[in-house]
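>>> here is the input, now give the coordinates:
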Amino acid sequence: MRHLGLVVVLAIVMSACADATDETQRAVVVRPPTAPQAWVVVEATQTECCYDEGSTGVLEITNRDGFRMAELSFANPVPRPDEQFVGRFDRLPVGLGPHTVMLWQEDCGGGCPWDEGGDNTRLVAAAEGVPRRDLCAITIDIVPGETVVEARWSPFVGCQSIEVRSAP
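Next up is the predicted model:
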């Protein structure tokens, strides 16, 4: 009887470890759709100025299983006349069904990953140990066509809103 209890405990521990390993892998595996039928476009507006070191927006899109559907995107913030900044991310192909769109800021204490006036860049992994400031997240059901998501955030205030602005 004692042996049976030990086997049950061992099975539970092994299953928890297997799940934990799977969870850690989900965040780094990129699974782009094989035949994209849908795209997501994200625009992020910074409503007040600024982190002292500057900042850059980071976009991550995951599917219902938590797998990243595109490499992380960094957007150039472009100043607007009203002292706000706008980051427009490249159009990204995604699969159909539920997806989570996450957008956050990384301050540029060690230098931003973009050059002023340059294009958006893609990275496979976010910077190590850099906090996800002003995190905005929304889960949306992707249908064929283009879905536009708009976020508004402010340094030291955080995410003010994130919503679907237009969808097919």
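>>> and the helices in the chain, which stretches?
For the chain, the helices defined by DSSP state H occupy 2-26.
>>> below-threshold pLDDT in it: ranges please.
Under the criterion pLDDT under 70, the flagged ranges of the chain are 1-29, 32, 76, 110-130, 168.
>>> try 50
Applying pLDDT under 50 to the chain picks out residues 1-26, 116-118, 124.
>>> now do the buried residues in stretch 146-158.
Within stretch 146-158, the residues scored as buried using 16 or more other C-beta atoms under 10 Å are 147, 149-155. For every residue, glycine as well, the C-beta is placed using N, CA and C.
>>> can I get those residues in JSON lines with distance to residue 68?
Converted to JSON lines, the buried residues of stretch 146-158 look like this (distance: C-beta to C-beta, whole Å):
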{"residue": "147", "distance to residue 68": "17"}
{"residue": "149", "distance to residue 68": "16"}
{"residue": "150", "distance to residue 68": "21"}
{"residue": "151", "distance to residue 68": "18"}
{"residue": "152", "distance to residue 68": "24"}
{"residue": "153", "distance to residue 68": "21"}
{"residue": "154", "distance to residue 68": "26"}
{"residue": "155", "distance to residue 68": "26"}
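>>> output stretch 67-75 as PDB, nothing but the C-alphas.
This file holds the C-alpha atoms of stretch 67-75, laid out as PDB (Å, rounded to 0.1, in the frame of the first residue of the first chain):
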ATOM      1  CA  PHE A  67       2.300  29.600 -29.000                       C
ATOM      2  CA  ARG A  68       3.700  32.800 -30.500                       C
ATOM      3  CA  MET A  69       2.300  33.200 -34.000                       C
ATOM      4  CA  ALA A  70       5.000  35.700 -35.200                       C
ATOM      5  CA  GLU A  71       8.300  36.900 -34.100                       C
ATOM      6  CA  LEU A  72       8.200  39.700 -31.600                       C
ATOM      7  CA  SER A  73       7.900  43.100 -33.300                       C
ATOM      8  CA  PHE A  74       9.500  46.400 -32.100                       C
ATOM      9  CA  ALA A  75       7.900  49.600 -33.400                       C
END
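>>> may I have stretch 86-103 exported as CSV, CA atoms only?
Only the C-alpha atoms of stretch 86-103 are listed here, as CSV (Å, rounded to 0.1, in the frame of the first residue of the first chain):
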residue,chain,number,x,y,z
VAL,A,86,2.5,56.6,-32.3
GLY,A,87,4.0,53.2,-32.9
ARG,A,88,2.7,51.4,-36.0
PHE,A,89,3.5,47.7,-36.2
ASP,A,90,3.9,45.9,-39.5
ARG,A,91,0.9,43.8,-40.6
LEU,A,92,1.4,40.3,-39.3
PRO,A,93,-0.1,37.1,-40.7
VAL,A,94,-2.0,34.9,-38.1
GLY,A,95,-4.2,31.9,-38.1
LEU,A,96,-8.0,32.0,-37.5
GLY,A,97,-9.6,31.7,-34.1
PRO,A,98,-8.8,33.1,-30.7
HIS,A,99,-5.5,35.0,-30.3
THR,A,100,-4.1,37.2,-27.6
VAL,A,101,-2.5,40.4,-28.6
MET,A,102,0.0,41.8,-26.0
LEU,A,103,1.7,45.1,-26.3
